[in-house]
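Novice: Predicted model and sequence follow; I will ask about them next.
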Amino acid sequence: MKNRVFSTIAILTLLFLLSFSTRTFAGILGGHIPIAHKHPPSDSLPNCYGYAQGRAFQKLAGDIECDPVQTYAYQIYESYFPYTADVNLSQIRVGDIVVFGSVRNGGSGHAALVVEVPSPLILNNIRVDQIPGPGGLEQKGVLLSTVKVTQGNPVGYHRFTGEIYVVIFKNSFNAGILYAGKNKEGGWITVASGLGRDYVVGQQIEMAAIDRQYIQDPANQKFYYQVFKKWQDDQFAPIARTISVTGNATYTAEFKKEFNIKFQNCYIGGAVNGKIKVNNVEYDSPSNFAFEENNAIQAEALSYQVVNNTAFTFVNWGNDGSTSLSRTFTPTDHTTYTVNYSAKPFPVQFGVGSDEEGHIQLVWSDHPNSQVTQYQIWRMVKPYGGSWGAASLLTTVGRGEEGYTDYQYYLMNDPYPNKTIKYDVRAYLQPSAVYADENWQIVYGNTYFAGRTNDREDAAVSSAVPTVYGVQAFPNPFNPSTTITYALPEPASIKLEIYDLTGRKISVLADGMKSAGLHSAVWQGKDQSGRQLASGVYLYHYVATPSNGTRAFTKSGKLLLAK
């Protein structure tokens, strides 16, 4: 019983003493081995001293930082590996460096790393890893008896007694990578954030944070750029730095998230280009920015701006309904800040003239805002010496219709004794459901035309709804475009074509069924492929074939493209 108690105490005492002994490697040593050495190609071939010490530091063949197979050292460095003379190797153990020959350093000695010690100890059965000579190939698990044939008897061993510590490299966002150490060619080696590596006390470590890492946040599955700000232990240290190992340590690179921020103007139904101020600088809308977390942003909406002949008036900030023009935002994530505007189109500028028969004709170009989808045609009449009548809506035409002919009135040059007539073409902005402000133009006209004696024709043109077939171009001469307007008293199949004076077909402006009413087509002086034509005289040929099978209406006319 006493012997058992003594044995137990002895074991506990041994474990207690071992707890104060030098810690062994938990893994492969990080960085270059901390002794003076060279790597070929150089003036020195790899040798047994470099190999044995590299392997004793847990380096393996092919290590990208410090390959023991490609290492030259002049001696065994006893500051890390103290020597014990012992020809019988009675206390040898795995990880020791066994040495041979009367001279343990320089060209006359030899060293090998012990990888297996038999129990009970039989000297010749110890196995080692070695390079047998300068520039030799790595040999693994070689029996000591074999080594002795060429190297002589062992004289002792070196055992590592240095202090080993773990250095952890970490990003503050707990993901991504860092640089820790360099390879044999001088390039950086990447390590995962949170990885710990073994180092020997006093070892120098080159390390660096990696800026702007694009990382998915596991909390919300969104991606962010992480921007390096400073090192936690030394805010003045550069992003790449060198440290000396003095103990277990963690080096944390502190980062901030970078948010994608968009500022834009908007109104119901569509985006507005326009301008917006961000940090007191005016930008186009929309504009994208990158701002770090916890950074305040000054933003300012413009109270009024004009885009595409449309007036936009500030309403509020769409994110929270605020009606303050100037705002300060501190975003906590990727965010779009939207300024809401009300929108009203500017009035359409239109010209007033007459067709070939003298009817009053209005001509305009489509509103620059493509979301203007239609136009109302209004008229007011004041007899000579009388007062203005009520405004009346004549018709509504769609976008692309750039002309209207009033068949009730003829254009007159002299106000006496004719009627004074006002017209307005009002653009309609579809998303906002709003019309442009009134924009009346005054002309003089009448319901009769001097020299006309055909009562049937006079009656036909007195109605706002076409009762006869007709076609005319305005303006003519023209540059850059002319509008060809045609009247259909009933549904008909239409063909409207442009020819040059040689009879060659230039363009087809209309081809197909059309409903009863007024229609128009614009010709911009181009051929069917879009090429601009030279100035000169061209011909239009118009055919309207009624759907009821009655006789077709045909008319041709000249068009003068002026430059």
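Specialist: It's in. Numbers count the residues shown, from 1 in each chain.

Novice: Tell me the spacing between Ala487 and Tyr469.
Specialist: Taking C-beta to C-beta, to the nearest Å as the measure, Ala487 falls 6 Å from Tyr469. The C-beta positions use only the backbone N, C-alpha and C, and glycine is treated the same way.

Novice: quick one: which of these two has more around it?
Specialist: Ala487 (24 against 18; other C-beta atoms under 10 Å).

Novice: so that one is in which element?
Specialist: Secondary structure assignment for Ala487, by DSSP states H and E: strand 482-488.

Novice: Which elements pack onto that strand?
Specialist: When contacts are defined as 3 or more C-beta pairs under 8 Å, 6 or more residues apart in numbering; DSSP states H and E, strand 482-488 sits against strand 403-412, strand 470-474, strand 492-500, strand 517-523, strand 536-546.

Novice: surely Val278 meets Phe291?
Specialist: No: with contacts counted by C-beta atoms under 8 Å, Val278 stays clear of Phe291, the gap being 9.5 Å.

Novice: shared neighbours of these two, which are they?
Specialist: Taking C-beta atoms under 8 Å, 6 or more residues apart in numbering as the criterion, Val278 and Phe291 both touch Ile297.

Novice: For the stretch 51-200 of the chain, just list every one of the helices.
Specialist: In the stretch 51-200 of the chain, the helices defined using DSSP state H, counting those that start in this stretch lie at 144-151.

Novice: low-confidence ranges in it?
Specialist: Applying pLDDT under 70 to the stretch 51-200 of the chain flags residues 102-107.

Novice: And the strands in it?
Specialist: 83-85, 97-100, 110-116, 127-130, 139-143, 154-158, 164-171, 177-182, 188-192, 195-200 (DSSP state E, counting those that start in this stretch).

Novice: Check which strands are paired with the longest one and give the direction for each one.
Specialist: So the one you mean is strand 164-171. strand 195-200 (antiparallel), strand 249-267 (parallel) (DSSP bridges).

Novice: after the shortest one, next one along is what?
Specialist: Going back to what we said before, that points to strand 195-200. In N-to-C order, the element after strand 195-200 by DSSP H and E is strand 204-208.

Novice: contact partners of that next one?
Specialist: 30-31, 34, 167, 169, 178-182, 188, 199, 239-245, 251.

Novice: 6 Å - rerun?
Specialist: Applying C-beta atoms under 6 Å, 6 or more residues apart in numbering, the external contacts of strand 204-208 come out as 31, 179-180, 182, 239-240, 242-244.

Novice: The stretch 251-400 of the chain: strands as residue ranges?
Specialist: 270-272, 275-278, 281-284, 287-292, 297-300, 304-307, 310-317, 326-329, 335-345, 350-354, 359-364, 372-382, 392-398.

Novice: per-residue confidence averaged over the fifth one?
Specialist: On average, the pLDDT along strand 297-300 is 98.

Novice: Report all helices and strands that that strand contacts.
Specialist: Contacts defined by 3 or more C-beta pairs under 6 Å, 6 or more residues apart in numbering; DSSP states H and E place strand 297-300 against strand 326-329.

Novice: Is it possible to mark the buried ones in the contacts of strand 204-208?
Specialist: Among those, those scoring as buried are 31, 179-180, 182, 243 (criterion: 16 or more other C-beta atoms under 10 Å).

Novice: Out of these, name the two that are farthest from one another.
Specialist: Between any two of the buried ones among the contacts of strand 204-208, the greatest separation by C-beta to C-beta is 13.9 Å, found for Lys182 and Ile243.

Novice: rewinding a little: could you dump the strands of the stretch 51-200 of the chain to TSV with distance to Ile64?
Specialist: Listed next are the strands of the stretch 51-200 of the chain as TSV, based on distance: least, C-beta to C-beta, whole Å:
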stretch	distance to Ile64
strand 83-85	31
strand 97-100	23
strand 110-116	20
strand 127-130	19
strand 139-143	20
strand 154-158	26
strand 164-171	17
strand 177-182	9
strand 188-192	7
strand 195-200	13
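
Novice: how about those strands, which one is nearest Tyr423?
Specialist: Across those, closest to Tyr423 is strand 164-171 (C-beta to C-beta), at 71.2 Å.

Novice: Tell me which residues are up against the closest one.
Specialist: 23, 25, 178, 180, 191, 193-194, 196-199, 245, 247-253.

Novice: Whichever of those residues end up buried, select them in ChimeraX.
Specialist: Selecting only the buried entries of the contacts of strand 164-171 in ChimeraX, with 16+ other C-beta under 10 Å as the criterion:
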select :178,180,191,193,196,197,198,199,245,249,251,252,253
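
Novice: C-alpha coordinates for the helix or strand hosting Val227, CSV please?
Specialist: Element membership for Val227 (DSSP H and E) is strand 223-231. Output in CSV follows, covering the C-alpha atoms of strand 223-231 (Å, rounded to 0.1, in the frame of the first residue of the first chain):
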residue,chain,number,x,y,z
PHE,A,223,-22.7,42.2,-47.9
TYR,A,224,-20.5,45.1,-46.7
TYR,A,225,-17.1,46.5,-47.5
GLN,A,226,-15.1,46.6,-44.2
VAL,A,227,-12.7,49.5,-44.1
PHE,A,228,-9.6,49.4,-41.9
LYS,A,229,-9.3,52.2,-39.3
LYS,A,230,-6.6,51.2,-36.7
TRP,A,231,-5.0,48.5,-34.7
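
Novice: Next SSE downstream of that strand?
Specialist: strand 240-244.

Novice: Please report phi then psi for Arg93.
Specialist: Per-residue torsions, Arg93: phi -150, psi 170 (degrees, to the nearest 10).

Novice: confidence score at Ala450?
Specialist: With respect to pLDDT, Ala450 scores 38.

Novice: do the same with the one 10 residues further on
Specialist: The pLDDT attached to Ala460 in the predicted structure is 33.

Novice: can you check the one 5 residues further on too?
Specialist: Reading off the per-residue confidence, Val465 sits at a pLDDT of 47.

Novice: quick revisit: check which helices and strands the strand holding Val227 sits against.
Specialist: Counting by 3+ C-beta pairs under 6 Å, 6+ apart, strand 223-231 packs on strand 213-216, strand 249-267.

Novice: Need the winner for burial among the ones you listed.
Specialist: strand 249-267 (a mean of 19; mean count of other C-beta atoms under 10 Å).

Novice: Specify the angle between that one and strand 335-345 in degrees.
Specialist: 10 degrees (axes from the mean of the first three to the mean of the last three C-alpha atoms, to 10 degrees).

Novice: pLDDT on strand 249-267, on average?
Specialist: So the average pLDDT for strand 249-267 ends up being 97.

Novice: From Asp217, how far out is the closest residue to Phe329 other than its chain neighbours?
Specialist: Nearest residue to Phe329, sequence neighbours excluded (C-beta to C-beta, 6 or more residues apart in numbering): Ile297, at 4.7 Å. Distance of Ile297 to Asp217, given as C-beta to C-beta: 21 Å.

Novice: Among the two, which residue is more densely surrounded?
Specialist: Shown here are Ile297 and Asp217; by other C-beta under 10 Å, Ile297 has more neighbours (18 against 14).

Novice: residues making contact with stretch 408-423?
Specialist: Here stretch 408-423 has contacts from 354, 358, 360, 362, 379-384, 440-446, 449, 462, 464, using C-beta under 6 Å, 6+ apart.
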